[in-house]
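Q: Only the shape, not the letters, is given here:
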């Protein structure tokens, strides 16, 4: 993830201050008129138009030798895009249907080796075990409140799937949202891990997985208030949004005190605004 890469470059690996550490020259900030910013954005957008024209021309040339095959591929892509951009066809969990806009942050420490061993024992990945454990918490929550879930109950889940390539520049995020109908009612953790793994692999194999990246530049031009409403409406149907992001793996120093861990806290969107 781009944020992790940037954090690993910013923070020192040593707790003690290094007075002789080379520092870049201070950059003097100058205020620029809004017209200059708009002009630069316009030049950038015009450059993107020429890129799209080249891509379109190359696509047309590829379609000439086999128009039927190209048309079939285009239909498969559109069919995949519909699956990728559509919400899961399952209702939300009963006890979560009347949730409000209040929120709180809770941090739980889990032994990494134990979680990795559980994933290996079930034949899944670390991410599969992570998601399976979260699903189990929802099932136990319903049992505790007297509303047990049957084994065939599914819940709408959204997870980010990395689409970063090896040649991508450091910084920036390259991921696409995958929406799953997750098996929250399964009591067997091994079966749950296996089914989660199958769902994630199927989502990764979608040809139109990167379609969200194509729409993102257009959405970035929208006013912040409109963008928040769209994001809230999109995520309102998800009972769970889970992200498994590897953090900085070296000891870092923040200010004058060493940090033993970094806990990311995401921004909460109010779908009603």
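A: Received it, and whenever you're ready, just let me know what you need. All of these numbers come straight from a predicted model, not from anything done at the bench.

Q: elements contacting the host helix or strand of residue 74?
A: Following DSSP states H and E, one finds residue 74 within helix 67-85. With contacts taken as 3 or more C-beta pairs under 8 Å, 6 or more residues apart in numbering; DSSP states H and E, helix 67-85 sits against helix 34-63, strand 175-182, helix 211-219. Bear in mind the C-beta positions are built from the backbone N, C-alpha and C, glycine included.

Q: One more pass at 7 Å, please.
A: For helix 67-85, the packing partners by 3 or more C-beta pairs under 7 Å, 6 or more residues apart in numbering; DSSP states H and E come out as helix 211-219.

Q: Name the spans of the stretch 1-150 of the chain whose pLDDT lies under the cut-off.
A: 1-16, 46-53, 55-64, 68, 70, 80, 83, 85 (pLDDT under 70).

Q: Let me know the distance separating the residue lying closest to residue 118 once chain neighbours are set aside from residue 123.
A: Among residues not flanking residue 118 along the chain, residue 129 sits closest, at 5.1 Å (C-beta to C-beta, 6 or more residues apart in numbering). Distance of residue 129 to residue 123, given as C-beta to C-beta, to the nearest Å: 10 Å.

Q: Which one of those two is surrounded by more residues?
A: Using other C-beta atoms under 10 Å, the more surrounded residue of residue 129 and residue 123 is residue 129, with 26 against 11.

Q: Specify the local secondary structure of that one.
A: Three-state assignment for residue 129 (DSSP: H, G, I helix; E, B strand; the rest coil): helix.

Q: Same question for residue 197.
A: Here residue 197 is recorded as helix under three-state DSSP.

Q: And for it, the neighbour number?
A: Each residue near residue 197 was counted by other C-beta under 10 Å, and the total is 20.

Q: same question, residue 239
A: 20.

Q: mind checking pLDDT for it?
A: Here the pLDDT value assigned to residue 239 is 88.

Q: same check, this time on residue 221
A: We have a pLDDT of 67 for residue 221.

Q: all helices of the stretch 101-250 of the chain, in order?
A: 112-121, 126-144, 189-204, 211-219, 224-235 (DSSP state H, counting those that start in this stretch).

Q: Can you spell out which helices and strands pack onto the third one?
A: It stands for helix 189-204. Secondary elements touching helix 189-204 (3+ C-beta pairs under 7 Å, 6+ apart): helix 126-144, strand 175-182.

Q: now the second one
A: Of the remaining helices and strands, those touching helix 126-144 by 3+ C-beta pairs under 7 Å, 6+ apart are helix 112-121, helix 189-204.

Q: now the first one
A: Packed against helix 112-121, as judged by 3+ C-beta pairs under 7 Å, 6+ apart, are the following elements: helix 126-144.

Q: Count the residues that sit near residue 185.
A: Neighbour tally, residue 185, other C-beta under 10 Å: 19.

Q: oh, I was asking about residue 96
A: Residue 96 has 13 neighbouring residues, counting by other C-beta under 10 Å.

Q: unless I'm mixing things up, it is touching residue 239, no?
A: Yes - contact criterion C-beta atoms under 7 Å: residue 96 and residue 239 qualify, at 5.3 Å.

Q: ok, residue 45 to residue 39 distance?
A: Look at residue 45 and residue 39: by C-beta to C-beta, they are 11 Å apart.

Q: same question, residue 115
A: Between residue 115 and residue 39 the distance is 51 Å, computed by C-beta to C-beta.

Q: Over to residue 157?
A: Distance of residue 157 to residue 39, computed by C-beta to C-beta: 44 Å.
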